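> fold the following, please.
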Amino acid sequence: MSRLFTPFIILILLTIVSCASLKSASSKSDNIKPGMSKEEVIKLLGRPTHNTFYEEDDGTLFETLVYEKLVLRGNWYTYDDILEFKNNYLKSRYQGPERYHSKTMQIGDGK
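Numbers count the residues shown, from 1 in each chain. Presented below is the predicted three-dimensional model:
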């Protein structure tokens, strides 16, 4: 009986820890609000996957930060969380299209 009990407990604990880490990442993203500075966003979400910028003739700076996200919806998918800034303040945020991710994931792989 105890031989079956121990793996079951380990599985339950891993499930709880996995759910807690997903909630933590989601909570950080939920705290993003219009008008936040670029520095505040980076402090919450970390370094972006990539970014672009341009400056207009009048000195207005436009920047885009892109965070690639990985989600499990039956299969693994990636999408881009796109944040647009004007003069270092968040003006818009939207999600790019989901793309099928064919890589086999291992627990703790992180990508």
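> the nearest residue to His50 once chain neighbours are set aside: how many residues sit nearby?
Of all residues beyond its chain neighbours, the one nearest His50 is Val66 (5.2 Å), with distances taken as Cβ to Cβ, 6 or more residues apart in numbering. In short, each C-beta sits where N, CA and C put it, glycine included. Burial measure for Val66: 16 neighbouring residues, criterion other Cβ atoms under 10 Å.
> need the contact list for Val66.
The neighbourhood of Val66, defined by Cβ atoms under 8 Å, 6 or more residues apart in numbering, consists of 48-51, 80-83, 96.
> could you redo the last one with a cut-off of 7 Å?
For Val66, the contacting residues are 48-51, 80, 82, taking Cβ atoms under 7 Å, 6 or more residues apart in numbering as the criterion.
> from the residues you listed, which land in helices?
Helix and strand membership here follows DSSP state H; of the contacts of Val66, not one is in helices.
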